[in-house]
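Undergrad: could you look at this predicted model? Sequence included:
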Amino acid sequence: MNLQKQLFDLDENATYLNGAFMSPSLKSVAEIGKQQVDLKLRPYQVKGEDFFTTVASIKTEFAKLVNSNDSNRIAIIPSVSYGLANVAKNINVKGKEIILVEQQFPSNVYPWFELEKTQQAKLNIINAPQDLENRGEFWNKRVLEAINENTGVVAISHVHWADGTLFDLKAIRKKTKEFGALLIIDGTQSVGAYPFDVQEIEPDALICAGYKWLMGPYGMGVAYYGPEFDHGSPIEQNWINRKDSENFAALVDYNHEYQPGAMRYSMGEQSNFILAPMFLEALKQLNTWGIDNIQSYCKSITKIPLEKLQLKGYWVEDLNFRSSHLFGVRKTGLDVGLLKQKLDKKNIFVSVRGSSIRVAPHVYNTEADMMKLVDILN
């Protein structure tokens, strides 16, 4: 895969290594958004079938992205918190443990706090090792060792949002199955840039915001719900999720049946005539690139710069336990706040997360971009 910067409208004076914060829009996605805003000037051009066709295409493209053979298992959501609220409403973990990892993103923590109160669930937060040597390997071991007959849910990400630690979901899924526990994944910081296979991992739910690695607009995401949720009750009761909702003339013939699969969990106004077409275009581009190719490209442009950083005394996780599109850089005694100020002055954009400089390159970056970061880090 080659550099794709020509498909974006990034300032030549800016070095954007912060895709984990928010992706820049593709030019094609922005153009569709402008066209769709103008469409509202002429609402008579919107047809009844338009409420369904774009949404169906989004589900098809996302199913392809994660290798799901059933697009009806995909729901359209506005946020990760919404997608996880549907999960939390439809599981029984009374008295069981819910396993999380340290400093997990809040949207995948607060729903479990609620079950701690309402179902007397017990939160078991697995801390990262203090010793940086083999940190990712030992953190994974701690998660696996924690799963037992008392486990009701493991709620985790594939790639840790703060430092890119890679969790072995295949091994975690195998052990959760041994004890009948659910595996709930926040894929926001991985899906779209790191390969994910629904048929291989078999998650009970996979929840993804759309505005990061899925390259879509803010306010629209996707969720995969497995068979565990086939007969659940969604947090929102809207008309479009009911059986035969395509028949506008019969909408007041109220139907107590839902559309098939996970469609019951989709948000109201999922047909959003501005955001949905933009999101669809973004997903199409990702599938055109190929997720394996994206990850390989990020690996190619970061290999030498990261080796140089390690020679300077910086710590980066072993490649077997991190991603190449999102990773943390640490150094003992490093003043990350001061460093961030220096980077901002040079228009080099990264994030500070805890004690880590979070670096998140993509296909619009080059090895030279990474070297600019290396040169600043003393």
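TA: Thanks, I have the structure now.

Undergrad: show me this structure divided up by domain.
TA: 5-26+291-376, 44-288 (automatic domain parsing).

Undergrad: show me the one of those domains that comes nearest residue 32.
TA: domain 44-288 (5.1 Å; C-beta to C-beta). Just so you know, the C-beta spots here come from the backbone N, C-alpha and C atoms, and that holds for glycine as well.

Undergrad: scan this structure for its longest helix.
TA: Identified as the longest helix of the chain according to DSSP state H is helix 291-311.

Undergrad: can you name every helix or strand that that one contacts?
TA: Here helix 291-311 touches strand 327-329, helix 367-376, going by 3 or more C-beta pairs under 8 Å, 6 or more residues apart in numbering; DSSP states H and E.

Undergrad: closest one to residue 6 among those?
TA: Nearest to residue 6, of all the helices and strands packed on helix 291-311, is helix 367-376, at 15.0 Å by C-beta to C-beta.

Undergrad: so what touches that closest one?
TA: Residues from elsewhere that reach helix 367-376, judged by C-beta atoms under 8 Å, 6 or more residues apart in numbering: 15, 17, 300-302, 304-306, 308-309, 312, 339, 342-343, 346, 348, 350, 359, 361.

Undergrad: among the residues you listed, which ones are buried?
TA: Listed as buried from the contacts of helix 367-376 are 15, 17, 301-302, 305-306, 309, 339, 343, 348, 350, 359, 361; burial here means 16 or more other C-beta atoms under 10 Å.

Undergrad: check pLDDT for these and point me to the minimum.
TA: Ranked by pLDDT, these bottom out at residue 339, which has 89.

Undergrad: re the thing from before, what does the longest helix of the chain rub up against?
TA: Residues outside helix 291-311 that contact it (C-beta under 8 Å, 6+ apart) are 1, 65, 192-196, 286, 316, 319, 323-325, 327, 329, 359, 361-363, 365-367, 369-371, 373-374, 377.

Undergrad: now, of those, which are buried?
TA: Among these, those classed as buried by 16+ other C-beta under 10 Å are 65, 192-196, 286, 316, 323-325, 327, 329, 359, 361-363, 365, 369-370, 373-374, 377.

Undergrad: picking that back up, among the domains of the chain, which is the most enclosed?
TA: Looking across those with neighbours counted as mean count of other C-beta atoms under 10 Å, the highest average goes to domain 44-288: a mean of 19.

Undergrad: which of the helices or strands spans the spatially most central residue of the chain?
TA: Centrality entry for the chain: nearest residue to the mean C-alpha point is residue 188, 1.1 Å, by C-alpha atoms, centre = their mean. Assigned by DSSP states H and E, residue 188 falls within no helix or strand.
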